[in-house]
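[1] Kindly generate the corresponding structure for this input.
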Amino acid sequence: MKFQDREITLKDGRKCILTPTAPQYAEQMIKYLEKTSAETDFLLRNPDEVNYTLEGEKEILGRILEDPYSIMMVAVVDGKVAGNGAINGIGAKRKIQHRCSLAIALYKDYWNLGIGRNMIDYLTELAAQVGWTQCDLEVVAENEQAQRLYKKCGFIETGRRHNALRFDDGTYHDEILMYKDLK
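    Numbers count the residues shown, from 1 in each chain. Coordinates of the predicted model:
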């Protein structure tokens, strides 16, 4: 989905642009996916699972940009990708067409600067414009920092998925289920 850029001022005074993730960001996105996956265990993918080619990533980003029901944005600070967030519909069946799902991640260097909150607020604003009335997300139970952020952004905990994730060390981790009413 194409949408208007939004400029925000970070807590350290720098400017950040929230902009649609377009094919020109493909190379930076691949590096971002690899590095953020290594910086925390709280993302769904592991670094070795990032296996996109440059051409493949450009194609994916181009397709998402043209899809009016897929919202993907990058946060750009000093000309570099600092983070990425996305909203996608849950499914095409009428009973769940009102719901979308949010995912977000930032490079660790950009945590606690206000990017995450601004991205979530803008993503959910755009989701409401598309017509979704509920936004869902899942967060690793131990990721208390993210849970606090989601609650600040209006998300409410609705349940828990027991042993939803198995890390490479063999440990199992629950997911906290959260939602935000967009009506």
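[2] and the residue nearest the centre of the chain, bridged to which residues?
    Against the mean C-alpha coordinate of the chain, by Cα atoms, centre = their mean, the closest residue is Ile104 at 2.1 Å. Here Ile104 shows beta-bridge partners Gly85, assigned using DSSP bridges.
[3] Tyr122 is in contact with that one, correct?
    No. The criterion here is Cβ atoms under 8 Å, and Ile104 misses it with Tyr122 at 10.8 Å. The C-beta positions use only the backbone N, C-alpha and C, and glycine is treated the same way.
[4] the helices in this structure, which residues?
    Using DSSP state H, the helices of the chain run over 26-39, 54-66, 115-130, 144-152.
[5] Got the confidence number for Gly154?
    pLDDT for Gly154: 98.
[6] so who does the residue nearest to it when sequence neighbours are not counted touch?
    Closest residue in space to Gly154, ignoring its immediate chain neighbours: Lys180 at 4.9 Å, by Cβ to Cβ, 6 or more residues apart in numbering. Residues near Lys180 by Cβ atoms under 8 Å, 6 or more residues apart in numbering: Thr124, Gln134, Cys135, Cys153, Gly154, Phe155, Ile156.
[7] If the spatially closest residue to Phe155 that is not a sequence neighbour is in a bridge, with which residues?
    Leaving out its chain neighbours, the residue that sits closest to Phe155 by Cβ to Cβ, 6+ apart is Met178, at 4.2 Å. Counting by DSSP bridges, Met178 forms beta bridges with Leu137, Glu157.
[8] how close does Met178 sit to Thr19?
    Met178 is 26 Å from Thr19, where distance means Cβ to Cβ, to the nearest Å.
[9] Among these two, which residue is more densely surrounded?
    A side-by-side neighbour count of Met178 and Thr19, using other Cβ atoms under 10 Å, places Met178 first with 22 against 17.
[10] Give the rounded mean pLDDT of stretch 69-89.
    Taken as a whole, stretch 69-89 has a mean pLDDT of 97.
[11] Please name the residues that touch the closest residue to His98 other than its chain neighbours.
    In space, not counting the residues next to it along the chain, His98 is nearest to Thr133; the distance is 4.6 Å by Cβ to Cβ, 6+ apart. Thr133 sits next to His98, Arg99, Asp181, Leu182, Lys183 when contact means Cβ under 8 Å, 6+ apart.
[12] Excluding chain neighbours, give the residue nearest to the fourth one in space.
    If you skip the residues right next to it in sequence, Leu182 has Ala128 as its closest partner in space, 4.3 Å away by Cβ to Cβ, 6+ apart.
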